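S.K.: Got a predicted structure here, sequence first:
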2 protein chains.
Amino acid sequence: MANKRVRVGLVGFGTVGTGVAKLLCDDADAIEARTGLRIELAAVVDIDTTSPRPVKLPEGVLTDDLDKLLNDESIQIGIELVGGTTVAKDIQLKMLAAGKDVVTANKALLAECGTELYAAARAAGRCIAFEASCAGGIPIISAIRTGLAANRIEAIYGILNGTCNYILSNMSKKGEDFPAALIKAQKKGYAEADPTLDINGADSAHKLAILATLGFGYEIKLDDIMVEGIEKISIDDVRYGREMGYVLKLLAIGQKDADGKVSLRVHPSFISPDSPLGRVNGPFNAVSILSHAVGQTMYYGRGAGMMPTASAVVADIIEVAIGNSAKLFNSLQIRPREKADSVISNIDNLVSRFYIRLMAKDEPGVLACHSKILGDHNISISGALQREGSGPQNTVPVVITTHPTKQKNMSAALAELAKLDNVGAEPVCIRIVNIPEDKVDD
Amino acid sequence: MANKRVRVGLVGFGTVGTGVAKLLCDDADAIEARTGLRIELAAVVDIDTTSPRPVKLPEGVLTDDLDKLLNDESIQIGIELVGGTTVAKDIQLKMLAAGKDVVTANKALLAECGTELYAAARAAGRCIAFEASCAGGIPIISAIRTGLAANRIEAIYGILNGTCNYILSNMSKKGEDFPAALIKAQKKGYAEADPTLDINGADSAHKLAILATLGFGYEIKLDDIMVEGIEKISIDDVRYGREMGYVLKLLAIGQKDADGKVSLRVHPSFISPDSPLGRVNGPFNAVSILSHAVGQTMYYGRGAGMMPTASAVVADIIEVAIGNSAKLFNSLQIRPREKADSVISNIDNLVSRFYIRLMAKDEPGVLACHSKILGDHNISISGALQREGSGPQNTVPVVITTHPTKQKNMSAALAELAKLDNVGAEPVCIRIVNIPEDKVDD
């Protein structure tokens, strides 16, 4: 069988774009030997055509003119690595209109405008492949769509943002506070100059929207997901949590609850340090999936960076070129939005355990007062920690962990506690998460 | 788009066959909702048509006549779950000749006769899908062939046999000796009545042959793989190893060595209990893959059992029905056997650290004598452990760990040590394995 020639064009010659160009140029022979595909990088489009990048492109390939790519009919696949939700959307729509399949790593765009883009692809008879949009080099989209296709997925628990995991790992292991850990992450290249979308949880929510849409088969919107970031996490809570037997992770969670509804959330979570996700450190990502036939499976690897993300982009190029992405894209059935509305659970109904820390005035009767308010809201205390010594303004930290209770009970109790004269600062509240595991009887 | 009807026939109505029938019968609607495929179980063939199984088949589907399946032209996909390498081979060849694609979980057959079967499939214009052959419900074949398609794979480290991992976990955690742990594994359904192929490492070798063929792109034969089982593992060595900081696992290893050759082996391995594979307990499987672009990725889940394996079989049925398996099967390029011969490393050249235990006569000068023999073979000692008290015939256990050395040096030293009058039993030798990890600078 003669090898098949595939010409591709790339838009966005930044970090990941450079990685993709490197893989396609340096590994063309190796990829051809494995797959029978001769992939040629025919165009690289970027507004910056002069900055040096650590890859040597073929002569005449780099351009600032998108039309060169769009009008080249020999280019079958367009790779959008611009990022963001404005220009990138326009580029993807133009690629589809020009008859090209699209490969992208753009989670924000897919989370916000996926339905519109998928419809445009279907109308054009093309497909969009997006393995690189979630968890970088971990083939998690493929696992959910293909490997677990026979399963009803019950829960997705993911560490989906390497920046946050690096920061939280450093706070936990090195005792650094949040600002110091963030600066270190930026120095090491694990955080952007503007890390807002990473640390506020939005990036994890984008990825969860994509994974949950595929996993639960409903069109999930960003608004369906409750999101809390890690910006306000104090090193004190990382330490107290550890004393109580937990490690702090930013988890993205999609779960079918007991009532059959799906709850979706991204928030800092105290989990067991011995659980598979509790052991994922540094900039790594991991996703644990519980599904009805296979039980628990877990996927671990680098969720970001030049070559890991490029690995997923090029895997998609290969799948598109072979023709598999189109078949998968066309066979995938997602229930429309109207059906999702009745399935998404209201976060008020979430049942969780909680860790709360109050900076309490060091005076008699305070703990009794706080305990009573919790009890009044039907919240049962499972553990408490009060250290001698004092914080600012004659306060002492009082740490309380609770048994499972509804989010709305906790929100009401916190509002009441915050109003007390004997509570010196906004109470801290972090969910304690018991990741469902496929335990075996040993 | 109207949903596509796909008729499948199953041969082998044992544990996994029952799981596949359950999934196809009970979940037909859910699978159709996700994939647009209406999968119909048209025939189930087994010599035993009377034993009760926990699934209700449609009327008239169960038969002991293979020809009913072969001659039914409406059946597009044949599922071979008979196992073994004789009857099963014949069945697969007949299915292909009858124009059916084949889905199988039969690792032994693929490891031994894969080349012949793949050629028969190509000649018939059909494909063979075998996700269920390795690591049960973990989509590891798909990860290697699709998710990591852009990568040059450098190392595959797998816990591929749940029976062995269950036994070793029990020995380690509960202090049970091998026979007791095996009986418990059989009671719990994690080991067959005849566990030979599991505990002697053959099953892991079958799976490694399949994964290494896909991962390294050479046709790997079983003879290329050095295999040691866990039958002779003593609880003493599990304990001494733990005292020296290791946990014992049966690892299947395929690795590109420094000289560019590929070494392939299955053997008991002392590894760090803090490494990702070191934490995999009970009947679970896990595979860690190091590859040039993405770095380390790891995949974890149940490697055997009715529903996990059925999950992989049905995933393959879906992939075959969509048409993706054929495209993947046809695009896959494996270098022929002649090329593999020059690439497979001779195990004598393997460089490893070793744990050895000698039952030494308790008399002066013995440790010096043993150390000298190791030194004569250019083996450097990294640690030693000698407990007071005695074993049989006035011997004491002397445990030595070594720095990296060539296998042939160790084999020669062991032969010499075994001959000594002051060594009371066959020396025990277990490799210490440092699993290559994608470490990050934190």
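M.R.: Noted; the coordinates are in hand. Not measured: the values here are computed from a predicted model.
S.K.: From A:K107, how far out is A:L222?
M.R.: Distance of A:L222 to A:K107, computed by CB to CB, to the nearest Å: 11 Å. Placement of C-beta: from N, CA and C, glycine included.
S.K.: With neighbour numbers in mind, choose between these two.
M.R.: Using other CB atoms under 10 Å in any protein chain shown as the criterion, A:L222 and A:K107 rank with A:K107 on top: 27 against 15.
S.K.: wait, doesn't the more buried one sit right on A:E131?
M.R.: No: assessed by CB atoms under 8 Å, A:K107 is found out of contact with A:E131, at 11.2 Å.
S.K.: Roughly how far does A:I379 sit from chain B?
M.R.: Distance of A:I379 to chain B, given as CB to the nearest CB, to the nearest Å: 34 Å.
S.K.: Kindly apply the preceding question to A:P436 instead.
M.R.: Taken as CB to the nearest CB, the span from A:P436 to chain B is 14 Å.
S.K.: Identify the residues contacting A:L23.
M.R.: A:31, A:307, A:310-311, A:314, B:150, B:293 (CB atoms under 8 Å, 6 or more residues apart in numbering or on different chains).
S.K.: so where is chain A shaky, pLDDT-wise?
M.R.: Within chain A, the stretches with pLDDT under 70 are A:1-2, A:389-390, A:440-442.
S.K.: what helix or strand does the residue of it positioned farthest from its centre sit in?
M.R.: Largest separation from the mean C-alpha position in chain A: A:P364, at 45.0 Å (CA atoms, centre = their mean). Secondary structure assignment for A:P364, by DSSP states H and E: no helix or strand.
S.K.: Phi and psi next, for it.
M.R.: Per-residue torsions, A:P364: phi -60, psi 140 (degrees, to the nearest 10).
S.K.: if I look at it, how far off is chain B?
M.R.: Separation of A:P364 from chain B (CB to the nearest CB) stands at 45 Å.
S.K.: Please apply the same query to A:Q92.
M.R.: A:Q92 sits 21 Å away from chain B, going by CB to the nearest CB.
S.K.: Am I right that A:M171 sits in a helix?
M.R.: Yes: the assignment for A:M171 is a helix, going by DSSP: H, G, I helix; E, B strand; the rest coil.
S.K.: Surely it touches A:I233?
M.R.: Yes: A:M171 is in contact with A:I233 according to CB under 8 Å; the separation is 7.2 Å.
S.K.: Show me the common contact partners of these two, please.
M.R.: A:178, A:248.
S.K.: Quick check, A:Q76 in contact with A:V6.
M.R.: Yes: with contacts counted by CB under 8 Å, A:Q76 reaches A:V6, the gap being 6.1 Å.
S.K.: quick revisit: helices - which of the contacts of A:L23 land there?
M.R.: Using DSSP state H, the subset of these located in helices is A:31, A:307, A:310-311, A:314.
S.K.: near chain B, from the residues you listed?
M.R.: Among the ones in helices among the contacts of A:L23, proximity to chain B is found for A:31, A:307, A:310-311, A:314 (CB under 8 Å from any CB of the partner chain).
S.K.: Check which residues of stretch A:240-248 are buried.
M.R.: Across stretch A:240-248, burial judged by 16 or more other CB atoms under 10 Å in any protein chain shown covers A:240-241, A:244, A:246-248.
S.K.: Pull out the C-alpha coordinates of that stretch and format them as PDB.
M.R.: Output of stretch A:240-248 as PDB, limited to C-alpha atoms (Å, rounded to 0.1, in the frame of the first residue of the first chain):
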ATOM      1  CA  TYR A 240      -4.200  22.300  59.200                       C
ATOM      2  CA  GLY A 241      -5.700  20.100  56.500                       C
ATOM      3  CA  ARG A 242      -2.600  18.000  56.500                       C
ATOM      4  CA  GLU A 243      -2.700  17.600  60.200                       C
ATOM      5  CA  MET A 244      -6.200  16.300  59.800                       C
ATOM      6  CA  GLY A 245      -5.100  13.800  57.200                       C
ATOM      7  CA  TYR A 246      -5.800  15.600  53.900                       C
ATOM      8  CA  VAL A 247      -3.900  17.000  50.900                       C
ATOM      9  CA  LEU A 248      -5.400  19.900  49.000                       C
END
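S.K.: now what about it, what contacts it?
M.R.: With contacts defined as CB under 8 Å, 6+ apart, stretch A:240-248 is touched by A:168, A:171-172, A:233, A:237-238, A:268-273, A:278, A:355, A:357, A:383, A:385, A:397, A:399, A:401, A:430, A:432.
S.K.: Pull out the buried residues from these.
M.R.: With neighbours counted by 16+ other CB under 10 Å, the contacts of stretch A:240-248 contain buried members at A:168, A:171-172, A:233, A:237-238, A:268-273, A:278, A:355, A:357, A:397, A:399, A:401, A:430, A:432.
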